[in-house]
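**Student:** sequence first, predicted model second:
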Amino acid sequence: MTHDKFDYDVIVVGGGPIGSTFARYMAEKNYKVVILDKKTKIGVPLQCAGLLGTKVKELNILPSHIIINKVNGAFLHSPSNHTLHVSKKEAAAYLLDRVAYDQFLSQKAVDQGSELLLGHKVFDADLKKGEVKVKYKNQIKKLKSKVIIDAGGHSSIVSRQFNPQPKTFEAIQYMVKTDQTILDSENVHLHVNSKISPGFIWVIPLNDSMARIGMFSRLDYIKMDNILSDFVEKNEAFEKSKILKKYHGYIPQYDPKKKLVKDRTILLGDAASQVKPTTGGGLLIGFECAKIAADVVEKALANDDIEILTDYQRIFNKKFKSELNVQLQIQKTFELMQDRELDSMFLKLKKEGAEQIISECGDMDSQSPLIKEMIKSGIIFSVLPKIFFRRITNLWKST
Ligand SMILES: Cc1cc2nc3c(=O)[nH]c(=O)nc-3n(C[C@H](O)[C@H](O)[C@H](O)COP(=O)(O)OP(=O)(O)OC[C@H]3O[C@@H](n4cnc5c(N)ncnc54)[C@H](O)[C@@H]3O)c2cc1C
């Protein structure tokens with residue numbers, strides 16, 4: 001590396017859950033780290049359903065007070081409300097207090113020695129020099145580091161310097177409270193139909209009288225707001241309910257061609273579009289990538305060689321590309337299906353006993369083992385309309 005004067009070893013743009021996790025790893029290794037976030041309070045507003053596979057405990061610290069609920073199953077609803085119920089004996093997912101979790105992870109990064117500068121908006125970056133320009137109140141500051149990590153979410157300004165503008169799905173979520181204690185707090189409900197495909201509507205219970213009800217799709221906010229209000233109004237469980245709050249956010253679309261490393265810079269989390277195409281979930285994969293990035297950056301700094309940063313892209317591709325491509329194909333297949341095809345698929349899945357296979361092999365974060373199992377048992381060929389046969393088998397062969 002050059003012998004320029006650097007203010008920090010690493011600048012982390014964005015103190016969201018993924019940026020904070022990365023910063024904590026680097027501070028634990030005794031590197032000089034600063035986190036810059038444009039917000040004045042970490043974690044707000046809430047922009048997440050907060051549902052995470054229990055694998056999160058293997059990937060990051062998760063104190064029990066952050067877990068609001070544990071769910072062990074899901075009801076999947078077709079357009080005409082044919083349902084499949086899949087469940088595990090033990091908790092399959094945690095529902096988190098996402099605001100508290102973001103703040104917890106941020107505090108942990110600070111406790112380990114990271115500096116956190118709130119109200120600091122990064123508006124430009126020189127990726128070769130490792131320099132970022134920051135606006136804080138009315139001042140402009142320049143900060144320089146050996147490595148820049150951009151974990152600034154879907155609207156990352158650094159990514160745009162070497163990637164096209166990322167495509168995103170809009171997402172909308174309500175916090176709903178019912179008068180009665182009638183919700184089944186152990187199961188989430190997922191509703192699909194061709195109007196919102198490849199997105200879906202989710203109902204995630206916080207307890208027996210409150211739920212997060214949301215959706216993502218290719219539609220705009222106003223259309224989704226209409227669809228979701230209509231859904232709540234017509235759903236018996238929410239007959240006497242109140243919408244306490246509405247939230248709006250963006251989910252980046254995974255792009256297999258996205259470049260994740262340039263000069264002294266690495267993209268991480270939503271900024272890198274590291275999001276599961278089928279669920280829109282970004283936390284688990286983001287936590288895994290934060291660890292990979294920290295190991296690669298440590299090696300680059302220890303060897304004084306920024307070329308080593310390119311290992312990050314290689315390791316990411318090796319670990320995730322195949323699963324993410326399978327999920328992209330599942331997403332594309334769903335998007336092609338009309339309501340009657342979706343209905344017919346649900347009925348056939350039920351008849352073929354797929355609920356048991358999904359319960360045993362299904363994993364909300366990794367769908368390729370389930371597809372493999374369904375191809376092996378032949379179920380996939382009997383439930384999908386004929387036109388999808390070749391497409392599904394070809395995509396499986398190619399991964
Ligand atoms: C409605 C909705 C529901 C979701 N549900 C789930 C779910 O159930 N499970 C799941 O795993 N994932 C879910 N996700 C996705 C998940 O929320 C994201 O993948 C996750 O927040 C990504 O974390 P991050 O740290 O990369 O980015 P973010 O959480 O977006 O954090 C980015 C941070 O960077 C800061 N920042 C941005 N630009 C700048 C700048 N120029 N200068 C300084 N700071 C900047 C922001 O203020 C922010 O604090 C959902 C998303 C939405 C929208």
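**Tutor:** Structure received.
**Student:** which ones are touching the spatially most central residue of the chain?
**Tutor:** The centroid of the chain falls nearest to G282 when counting by CA atoms, centre = their mean (1.6 Å). Listed by CB atoms under 8 Å, 6 or more residues apart in numbering, the contact set of G282 reads 18, 251-252, 269-270, 274-276. Every residue, glycine included, has its C-beta placed from N, CA and C.
**Student:** so which of those belong to helices?
**Tutor:** Among the contacts of G282, DSSP state H puts I18 in helices.
**Student:** so which residues of the stretch 101-250 of the chain form strands?
**Tutor:** 115-118, 120-126, 131-136, 139-150, 168-178, 187-191, 200-205, 210-217, 241-252 (DSSP state E, counting those that start in this stretch).
**Student:** got the contact list for the shortest one?
**Tutor:** When contacts are taken as CB under 8 Å, 6+ apart, the neighbours of strand 115-118 outside the stretch itself are 8, 15, 33-37, 39-42, 106, 109-110, 134, 136.
**Student:** filter the contacts of G282 to the buried ones?
**Tutor:** Burial by neighbour count, 16 or more other CB atoms under 10 Å: within these this picks out 18, 251-252, 269-270, 274-276.
**Student:** filter those residues down to the ones close to the ligand.
**Tutor:** By CB under 6 Å from any ligand atom, the members of the buried ones among the contacts of G282 lying near the ligand are 18, 251, 269-270, 275.
**Student:** pLDDT and distance to D126 added to those, as JSON lines?
**Tutor:** Listed next are those as JSON lines, based on pLDDT from 0 to 100; distance: CB to CB, whole Å:
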{"residue": "I18", "pLDDT": "98", "distance to D126": "23"}
{"residue": "I251", "pLDDT": "96", "distance to D126": "30"}
{"residue": "G269", "pLDDT": "98", "distance to D126": "22"}
{"residue": "D270", "pLDDT": "97", "distance to D126": "23"}
{"residue": "V275", "pLDDT": "95", "distance to D126": "28"}
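**Student:** closest to the ligand out of the residues you listed?
**Tutor:** Minimum distance to the ligand across those is 2.3 Å, recorded for G269 (CB to the nearest ligand atom).
**Student:** was I right about the closest one contacting C289?
**Tutor:** Yes - counting by CB atoms under 8 Å, G269 touches C289, with 7.0 Å between them.
**Student:** between these two, which contacts overlap?
**Tutor:** Counting by CB under 8 Å, 6+ apart, the residues touching both G269 and C289 are I18.
**Student:** and stretch 332-350, which residues are buried?
**Tutor:** Neighbour-count burial for stretch 332-350 flags 333-334, 337, 341-346, 349-350 (criterion: 16+ other CB under 10 Å).
**Student:** and stretch 220-237, what's buried?
**Tutor:** For stretch 220-237, burial by neighbour count (16+ other CB under 10 Å) applies to 224-225, 227-228, 231-232, 235, 237.
**Student:** quick one: stretch 202-220 near the ligand?
**Tutor:** Yes - interface with the ligand: stretch 202-220 contributes G214 (CB under 6 Å from any ligand atom).
**Student:** thinking again about what came up before, from the buried residues of stretch 220-237, which land in helices?
**Tutor:** Per DSSP H, the buried residues of stretch 220-237 map to helices at 224-225, 227-228, 231-232.
**Student:** let me have those in JSON lines, extended by distance to the ligand and pLDDT.
**Tutor:** Listed next are those as JSON lines, based on distance: CB to the nearest ligand atom, whole Å; pLDDT from 0 to 100:
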{"residue": "M224", "distance to the ligand": "11", "pLDDT": "97"}
{"residue": "D225", "distance to the ligand": "13", "pLDDT": "97"}
{"residue": "I227", "distance to the ligand": "14", "pLDDT": "97"}
{"residue": "L228", "distance to the ligand": "11", "pLDDT": "97"}
{"residue": "F231", "distance to the ligand": "15", "pLDDT": "95"}
{"residue": "V232", "distance to the ligand": "16", "pLDDT": "94"}
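**Student:** interface residues of the chain facing the ligand?
**Tutor:** With CB under 6 Å from any ligand atom as the criterion, the chain comes near the ligand at residues 13-19, 36-39, 47-52, 121-122, 151-153, 155, 157, 171, 173, 214, 249-251, 269-270, 275, 280-284, 286.
**Student:** related to what we said a few turns ago, just the buried residues of the contacts of strand 115-118.
**Tutor:** Using 16+ other CB under 10 Å, the buried ones in the contacts of strand 115-118 are 8, 15, 33-37, 39, 42, 106, 109-110, 134.
**Student:** could you dump the strands of the stretch 101-250 of the chain into a markdown table and include distance to K70?
**Tutor:** Compiled in a markdown table, these are given as follows (distance: least, CB to CB, whole Å):
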| stretch | distance to K70 |
| --- | --- |
| strand 115-118 | 31 |
| strand 120-126 | 37 |
| strand 131-136 | 40 |
| strand 139-150 | 32 |
| strand 168-178 | 19 |
| strand 187-191 | 11 |
| strand 200-205 | 11 |
| strand 210-217 | 15 |
| strand 241-252 | 22 |
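**Student:** those strands: which one's closest to V296?
**Tutor:** strand 139-150 (9.5 Å; CB to CB).
**Student:** any weak-confidence spans in the stretch 51-200 of the chain?
**Tutor:** 182 (pLDDT under 70).
**Student:** which part of it gets nearest to the ligand, residue-wise?
**Tutor:** For the stretch 51-200 of the chain, CB to the nearest ligand atom, closest residue to the ligand: G153, 2.8 Å.
**Student:** need phi/psi at that residue.
**Tutor:** Phi and psi for G153, reported as degrees, to the nearest 10, are phi 80, psi -170.
**Student:** my guess is it meets G16, correct?
**Tutor:** Yes - between G153 and G16 there is a contact under CB under 8 Å: 6.0 Å.
**Student:** what's the overlap in contacts for these two?
**Tutor:** What both G153 and G16 touch, as defined by CB under 8 Å, 6+ apart, is the set 269-270.
**Student:** among these two, which residue is more densely surrounded?
**Tutor:** G16 (28 against 20; other CB atoms under 10 Å).
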